[in-house]
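Asker: Structure, please.
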Amino acid sequence: MSTENEGNAVPKAPSAPPVPVDAPAVSADPAGSADSAASAADPRAAAAGSAPSGAAGAGTAGADSGAGVGAGAGAGSAAAGAAWPPPQPPAVPSYAAGGGSGSGWGASYQPQEPKPGRRRGGLVAAVLAAALVAGGVGGGIGYWAAERNDNDTGSTTVAAADTPADLKREPGSVARIAADALPSVVTIEAQSGSGEGGTGTGFVYDKQGHILTNNHVVASAAEGGKLQVTFSNGKKYAAEVVGRAEGYDVAVIKLKNAPGDLKPLALGNSDRVAVGDSTIAIGAPFGLSNTVTTGIISAKNRPVTSSDGGQSGKSSYMSALQTDASINPGNSGGPLLDGRGAVIGINSAIKPADSGGLGGSGQSGSIGLGFAIPVNQAKNVAQQLIKTGQPVYPVIGASVSIQQDTSNGAMISQEGASGSEAITPNGPADKAGLKPGDVITKLDDMVIDSGPTLIGQIWTHKPGDTVKITYERDGKENTVDVTLGQRKGDS
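Answerer: Numbering: from 1, shown residues only. You can find the predicted model right below:
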């Protein structure tokens, strides 16, 4: 998937992020954090990609248009008289590529003239004949009507009522929800010290001026760069990074001179979301600020691994909400709202296509496969970042393989990252009796098909939570309770 990061295609990856080992192993303990994951781009449509089904991990491209994850879109033109059908849209750029500029708007299409032939002549003649007959009938009716209404000059046009009461949008309508939410959604322009950057989205988190967004949106400006936030009314404010969580792909920034009338968006409960619920996405796709799209929740707990397109060389993992609301580069960091207008997720990734199309090169757009970080998880991360400036990750204290050809589970590696022990001595996994070679198949009731899936599921919890792990050893299935430990910061 590409993180709205609508960015680089990420190879199909399991859904949970353990600490990557030099080899295919990743460490899930504090010493060896799982920061890298395979990301994959799936071929097909034009702009955002298909997610893995079931518990399979999905590589995604970020829906961000620059600031670290999106790629810009622009305008391209195709030669007149191009053959039908027109070429396919361009492939999605890398996870953190471009922003609101680039190519790929699409090319004008002009169908070729049909070749002359006897059948065509016959068809034209038939059409002309039909037109003449219709004209004759119409003329007769017109004469009959005119003869009886010779003195009637009144218009038959009916004007709709145009009063404020009639134009009022009902509560719960998309128009009303959008009107209420737009003043609290911002377009973020991030620029690195070298002048590179891009555009993404964020939304007002509290009245103190904190803005919640994706890490890949602001990563380029984190070290000596510049951040500018623009509200829907056109007012601009300088901002600074408060904290970033690369693994979660969540970041908090703060307005330097926040206005006193900020209106935070209400946060919903992503655990209560159901497949089929209505969704509304707001963002700045390809730099087009204040864009509103609608859809439904297509799936829950979708394991997604996405890369930031080279900002840090690391990957993020999520157990995502999947939606078919149109999400494109530049939507990254924007809110995914429910039918009441409450935030249920942060738009973060799309499934990218792998082929070009209308307009030639450039970043492609939505194909109806978008992914959002559940707001319950994002809220916990935001609170950590505001309080301490660094994220806290729950861990089991074991390294698992993140590049395996099997979908039977997450195997605990024989060796941890950089040659360390696969099981952290006296860590959660060690205390629970887990050993290298054990294959974890379930975490509570969630089926685990890979290392990334395991990491994504672990990260939906908090340090100190107790989870039930089902694993296989020597062909036998076992179950054990594990109390999660913690790792502070991104390593």
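
Asker: OK, contacts around Gly409?
Answerer: Gly409 sits next to 439-441, 448-450, 471-472 when contact means C-beta atoms under 8 Å, 6 or more residues apart in numbering. To be clear about C-beta, it is placed using only N, CA and C from the backbone, and glycine gets the same treatment.

Asker: which of these has the most neighbours?
Answerer: Compared across the contacts of Gly409, Ser450 has the highest neighbour count, 34 neighbours, by other C-beta atoms under 10 Å.

Asker: Measure how buried the closest residue in space to Asn301 that isn't next to it in sequence is and give me the count.
Answerer: Nearest residue to Asn301 in three dimensions, chain neighbours excluded: Ser319, at 4.9 Å (C-beta to C-beta, 6 or more residues apart in numbering). Applying other C-beta under 10 Å, we find 24 residues neighbouring Ser319.

Asker: tell me the helices in the stretch 251-400 of the chain, going along the chain?
Answerer: With DSSP state H, counting those that start in this stretch as the definition, the stretch 251-400 of the chain shows helices at residue ranges 375-388.

Asker: Could you list the low-confidence segments of the stretch 151-300 of the chain?
Answerer: 151-155, 159-166 (pLDDT under 70).

Asker: residue boundaries of the strands in it?
Answerer: Using DSSP state E, counting those that start in this stretch, the strands found in the stretch 151-300 of the chain span residues 185-191, 197-204, 210-213, 226-230, 236-245, 250-255, 278-283, 291-307.

Asker: just to revisit the earlier point, was I right to think the residue nearest to Asn301 contacts Thr305?
Answerer: No - in this structure, Ser319 is not within contact of Thr305 by C-beta atoms under 8 Å, at 11.0 Å.

Asker: Next, the contact list for Ser194, please.
Answerer: By C-beta under 8 Å, 6+ apart, Ser194 has no neighbours at all.

Asker: Could you rerun that using 10 Å?
Answerer: Each residue near Ser194 by C-beta atoms under 10 Å, 6 or more residues apart in numbering is listed here: 220, 224-225.

Asker: List buried residues within the residues you listed.
Answerer: 220, 225 (16 or more other C-beta atoms under 10 Å).

Asker: May I see the contacts of Ser194 arranged in a markdown table, with distance to Thr279 as well?
Answerer: Output for these, formatted as a markdown table (distance: C-beta to C-beta, whole Å):
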| residue | distance to Thr279 |
| --- | --- |
| Ser220 | 28 |
| Gly224 | 37 |
| Gly225 | 32 |
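
Asker: Tell me the one of the contacts of Ser194 nearest His461?
Answerer: Ser220 (30.5 Å; C-beta to C-beta).

Asker: Distance-wise, check the spatially closest residue to that closest one that is not a sequence neighbour relative to Tyr205.
Answerer: Distance criterion C-beta to C-beta, 6+ apart; nearest residue to Ser220, sequence neighbours excluded, is Ser192 at 4.3 Å. Using C-beta to C-beta, to the nearest Å, Ser192 is found at 24 Å from Tyr205.

Asker: can you check Asp490 too?
Answerer: 21 Å.

Asker: higher neighbour count, those two?
Answerer: Per other C-beta under 10 Å, whichever of Asp490 and Tyr205 has more neighbours is Tyr205, with 25 against 17.

Asker: Next up, the contacts around the residue nearest to the more buried one when sequence neighbours are not counted.
Answerer: The spatial neighbour of Tyr205 that comes closest, neighbours along the chain excluded (C-beta to C-beta, 6+ apart), is Leu212 at 4.4 Å. Contact partners of Leu212, counting by C-beta under 10 Å, 6+ apart, are 202-206, 250-253, 264-265, 267, 333-335, 343, 346, 373, 375, 378-379, 381-382, 385-386.

Asker: With Arg244 instead?
Answerer: 68, 213-216, 218-219, 222, 250-253, 312, 381, 385, 389-391, 490.

Asker: Only the buried subset of the residues you listed, as a PyMOL command please.
Answerer: Only the buried entries of the contacts of Arg244 go into this PyMOL selection, using 16+ other C-beta under 10 Å:
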select buried, resi 68+213+214+215+216+218+219+222+250+251+252+253+312+381+385+391+490
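
Asker: Okay, and which of the contacts of Gly409 map to strands?
Answerer: Mapping the contacts of Gly409 onto strands (DSSP state E) picks out 439-441, 471-472.

Asker: hang on, the earlier thing: verify the contact between the residue nearest to Asn301 and Tyr248 for me.
Answerer: No - taking contacts as C-beta atoms under 10 Å, Ser319 lies outside contact range of Tyr248: 11.1 Å.

Asker: Residues that sit against both of those two, list them.
Answerer: By C-beta under 10 Å, 6+ apart, Ser319 and Tyr248 have these common neighbours: 373, 377, 459.

Asker: For stretch 201-216, measure first residue to last.
Answerer: Stretch 201-216 has its terminal residues 11 Å apart, counting by C-alpha to C-alpha, to the nearest Å.

Asker: what about the closest residue to Phe231 other than its chain neighbours, neighbour count?
Answerer: Among residues not flanking Phe231 along the chain, Val186 sits closest, at 5.6 Å (C-beta to C-beta, 6+ apart). Residues contacting Val186 under the criterion other C-beta under 10 Å number 30.
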